[in-house]
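In: Just a sequence and a predicted model for now, questions to come.
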Amino acid sequence: MENNKTINSLFGYLLILFLLISFSTSSAKAQEEADTTDTTEVSDTTNVEEPSPLPDFVPIPDRWRSIIPPPYEVNVTSGKFDPYNRSKIKGDYPIIGDHIFLSLTGTLMSLTEVSKVPTHSGVSTAEPLSQDFFGEPERLFLLNNFIFTLELYKGQTAFEPRDWEIKITPEFSLNYLKLNENNGVNINPRKGKTRSDNHLGFQELSFEKHLFNISDRFDFISLKAGIQKFGSDFREFIFNDYNLGVRLLGNYDNNKYQYNLIYFDLIEKETNSELNTVFDERKQQVFIANLYKQDFGRLGYTTQISFHYNKDKASVHYDENGRPVRPGVVGFIRPHEIKSYYLGWAGDGHLGVWNITHALYQVFGTDSYNQFANQKVDINAQMGAIELSIDKDWKRYKISAFYASGDANPMDDKARGFDAIIDQPFFAGGHFGYWQQQGIGLQGVALVHKFSFLPSLRSNKLEGQSNFVNPGFFLLNFGFDAEWTPKLKSVFNVSYLSFVNTRVLVHFLNQPDIDKGIGLDLSLGIIYRPFLSNNAIFTFGASALSPFNGFEDIYETSDLQYSLFTSLQFTY
């Protein structure tokens, strides 16, 4: 039944694509007929002879194949497989007529990570006499993703938006995980301590149609349908994902205003690769509307207002490793529905010599049965973030703060802990920081999920449901970025991490007292581009968490937690 609903949804999207292509074709034919009529009328009513061409005039088929005069023609000879010079397969020349282009892009992403993360001993420990609740924390993770993107589009793209665009991005993931404890790679301890996994998914499968212009400066309205990427604000605090949806987008007043209306009918993710499964319905709908205004109040500052709606229906789902993720294994297990509404205001830009980024969100709604509160709850939570930075030549100094409210009374009918839909914030060091880089588990749920700040205690960020009964989070950060050369950049960050209220953790873990302090997070990132382009990017990251009392209370250790990774990205 679920597959039938998803297939029906895909059929609906394909029908929309067919209608849009038909509309595009008929419009193009009408325009060609109009151009022919105009030319005929002029030729019938005009008797003026055409001036003869100049002696040195050289006809060219179109502006894409313009002849570059000496001495600039040196080192610009085109090659079929040359990634730097002009080619039909990367959109430099049209492949059909004068306005239809093809762009093919291949990317290899390779990640190697060694880390120390609190790991449960499981029902069957890997080592004898290991009776402690948490076992050996070391782990090794290898990831190789092969990404291929095809873009076929029509348009005078140097002057106006594309008339239409088809985008297809299949991605193949090959990953390996090695732990020192059983039960970590799979719910079945007989699966051992290692896991190898591969998956092929479509991260993009969409069609975009330019509907019409609304001004002579190419302000436009377009429609995009299919699997597509969307981030809902400047730093992607609430939603960032590749998923199935329909999006109306456009701009106004010489591009001073940009807006999006998008509806997602989410599809499931494969657990270990986090890629789309395409034909598995998630039973979750998301609607997002946002509006950007450039030069708001002063030049160089852009503001944004947004609305998010998340309807996550009651359902039962197990991940690829056999673990129940909907509903999560907490308290009395019962499927439940969540309806949440987010109102947001964000900004990004310059205020004099200062760079500023900020965001403020209020979420309200209902959870038909919250497993921590053991009852239906009304949602009322807040989040705020601000980053100030100043540039000194090739150096940038930053100070940041992040706050997400926590629930002080987990047993009442009010849920005051902030949680997002699918967040992936690039803030305060982003994925270089230990806290955001590592997913740290805690008794069947996660204290914090990979690429998230929020200690939401949900079973899984992508497959599980939001949880608004959580301890909240506070961060204070100092950062230093340096462009040492055009090829070499470093990113250094120090962050103080703390819970807002630990009453939920006390209730959940049945411990008498848990301190608010999480730890001091230090991270260093090195980014190297050997060819002065994004065709090859080498990244090295090192991070460490020096635990405070709260982390020690939960995980029974004061040892330094760390992560080392190298990432190689090649794009052709």
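Out: Alright, I've got the coordinates.
In: right, and the helix or strand after the strand ranked longest in the chain?
Out: Longest strand in the chain by number of residues (criterion: DSSP state E): strand 194-213. For strand 194-213, the following helix or strand on the C-terminal side (DSSP states H and E) is strand 220-231.
In: could you give me the average pLDDT of the very next helix or strand once past that next one?
Out: Once the chain leaves strand 220-231, the next helix or strand it forms, by DSSP H and E, is strand 240-252. Strand 240-252 carries an average pLDDT of 96.
In: now the angle between strand 240-252 and the helix or strand just after strand 240-252, please.
Out: Following strand 240-252 in sequence order, the next helix or strand is strand 257-269 (DSSP H and E). Computed by axes from the mean of the first three to the mean of the last three Cα atoms, to 10 degrees, the angle separating strand 257-269 from strand 240-252 equals 160 degrees.
In: Just the buried positions in strand 257-269, please.
Out: Gln258, Tyr259, Asn260, Leu261, Ile262, Tyr263, Phe264, Asp265, Leu266, Ile267, Glu268, Lys269 (16 or more other Cβ atoms under 10 Å). Every residue, glycine included, has its C-beta placed from N, CA and C.
In: Quick check: the two most widely separated of those?
Out: Pairwise distances across these (Cβ to Cβ) peak at 30.8 Å, for the pair Gln258 and Glu268.
In: Next one, pLDDT for Val278 please.
Out: 80.
In: quick one: strands adjacent to the host helix or strand of it?
Out: In the assignment (DSSP H and E), Val278 maps to strand 276-293. Sheet pairing here is set by DSSP bridges, and for strand 276-293 it gives strand 257-269 (antiparallel), strand 301-312 (antiparallel).
In: ok, now how distant is the most centrally placed residue in the chain from Asn477?
Out: Central residue of the chain (Cα atoms, centre = their mean): Asn240, 3.7 Å from the mean position. Distance, Asn240 to Asn477, using Cβ to Cβ, to the nearest Å: 20 Å.
In: Also Leu223?
Out: 40 Å.
In: Return the distance of the longest strand of the chain from the chain's centre.
Out: 13 Å (Cα atoms, centre = their mean, to the nearest Å).
In: Now do it: which elements does it pack against?
Out: Judged by 3 or more Cβ pairs under 8 Å, 6 or more residues apart in numbering; DSSP states H and E, strand 194-213 is in contact with helix 2-45, strand 164-179, strand 220-231, strand 276-293.
In: lowest-confidence stretch among those?
Out: Of all the helices and strands packed on strand 194-213, mean pLDDT reaches its minimum on helix 2-45 (a mean of 48).
In: so what strands line up beside whatever helix or strand comes next after that one?
Out: The helix or strand immediately downstream of helix 2-45 is strand 90-96, counting by DSSP H and E. Taking DSSP bridges as the criterion, strand 90-96 sits next to strand 100-116 (antiparallel) in its sheet.
In: Average pLDDT for the partner strand, rounded please.
Out: 95.
In: do the same with stretch 479-487
Out: With pLDDT averaged residue by residue, stretch 479-487 scores 96.
In: Pull out the buried positions in that stretch.
Out: Gly479, Asp481, Ala482.
In: Repeat that for stretch 340-353.
Out: Those would be Ser340, Tyr341, Tyr342, Gly344, Ala346, Gly347, Asp348, Gly349, for stretch 340-353 by 16+ other Cβ under 10 Å.
In: Among those residues, which are located in strands?
Out: Ser340, Tyr341, Tyr342, Gly344, Ala346, Gly347, Asp348, Gly349.
In: Just grab the bridge partners of the fifth one for me.
Out: Just to be clear, that refers to Ala346. Under DSSP bridges, the beta-bridge partners of Ala346 are Gln304, Ala359.
In: Can you name the residues that contact the closest residue to Thr169 other than its chain neighbours?
Out: Spatially, and ignoring its direct neighbours in sequence, Thr169 is nearest to Glu204 (3.7 Å; Cβ to Cβ, 6 or more residues apart in numbering). Neighbouring residues of Glu204 by Cβ atoms under 8 Å, 6 or more residues apart in numbering: Thr149, Lys167, Ile168, Thr169, Gly226, Ile227, Gln228, Lys229, Tyr242.
In: Equivalent analysis for Ala404, please.
Out: Contacts of Ala404 by Cβ under 8 Å, 6+ apart are Ala381, Gln382, Met383, Gly417, Phe418, Phe453, Leu454, Gly472, Phe473, Phe474, Val500.
In: Please repeat the previous calculation with a cut-off of 7 Å.
Out: Counting by Cβ atoms under 7 Å, 6 or more residues apart in numbering, Ala404 touches Met383, Phe418, Leu454, Gly472, Phe473.
In: Turn these into CSV, including distance to Ala408, secondary structure and pLDDT.
Out: Shown next, in CSV, are these (distance: Cβ to Cβ, whole Å; DSSP: H, G, I helix; E, B strand; the rest coil; pLDDT from 0 to 100):
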residue, distance to Ala408, secondary structure, pLDDT
Met383, 16, strand, 98
Phe418, 13, coil, 98
Leu454, 17, coil, 96
Gly472, 9, coil, 97
Phe473, 14, strand, 98
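In: So how do I select the buried members of the residues you listed in ChimeraX?
Out: Remark: buried members of those, expressed as a ChimeraX selection using 16+ other Cβ under 10 Å:
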select :383,418,454,472,473
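In: Of the contacts of Ala404, which is the nearest to Thr194?
Out: Proximity of the contacts of Ala404 to Thr194 (Cβ to Cβ) peaks at Leu454, which lies at 29.7 Å.
In: I'd say the closest one and Gly472 touch.
Out: No. Using Cβ atoms under 7 Å, Leu454 is not in contact with Gly472, being 8.5 Å away.
In: Check the contact lists of the two and give me the overlap.
Out: With Cβ under 7 Å, 6+ apart, Leu454 and Gly472 have common neighbours Ala404, Phe418.
In: In the beta-sheet assignment, what are the partners of the closest residue to Phe570 other than its chain neighbours?
Out: Leaving out its chain neighbours, the residue that sits closest to Phe570 by Cβ to Cβ, 6+ apart is Leu108, at 4.7 Å. Under the criterion DSSP bridges, Leu108 forms beta bridges with Phe146, Phe570.
In: picking that back up, return the member of the buried residues of strand 257-269 nearest to Ser389.
Out: Nearest to Ser389 among the buried residues of strand 257-269, counting by Cβ to Cβ, is Gln258 at 23.7 Å.
In: Could you check how far the closest one is from Ser222?
Out: Noted for Gln258: a distance of 11 Å to Ser222, by Cβ to Cβ.
In: Likewise for Ala385?
Out: 30 Å.
In: In terms of neighbours, single out the busier of those two.
Out: Ala385 (23 against 19; other Cβ atoms under 10 Å).
In: follow-up on the earlier one: mind checking which of the contacts of Glu204 are buried?
Out: Thr149, Lys167, Ile168, Thr169, Gly226, Ile227, Gln228, Tyr242.
In: Any chance of the residues you listed in TSV with distance to Arg217 as columns?
Out: Listed next are the buried ones among the contacts of Glu204 as TSV, based on distance: Cβ to Cβ, whole Å:
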residue	distance to Arg217
Thr149	30
Lys167	26
Ile168	31
Thr169	31
Gly226	29
Ile227	31
Gln228	26
Tyr242	31
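In: and the two most separated of those residues?
Out: Thr149 and Gly226 (13.8 Å).
In: Show me the shaky parts of this protein.
Out: Low-confidence segments of the chain, defined by pLDDT under 70, span residues 1-83, 122-133, 157-159.
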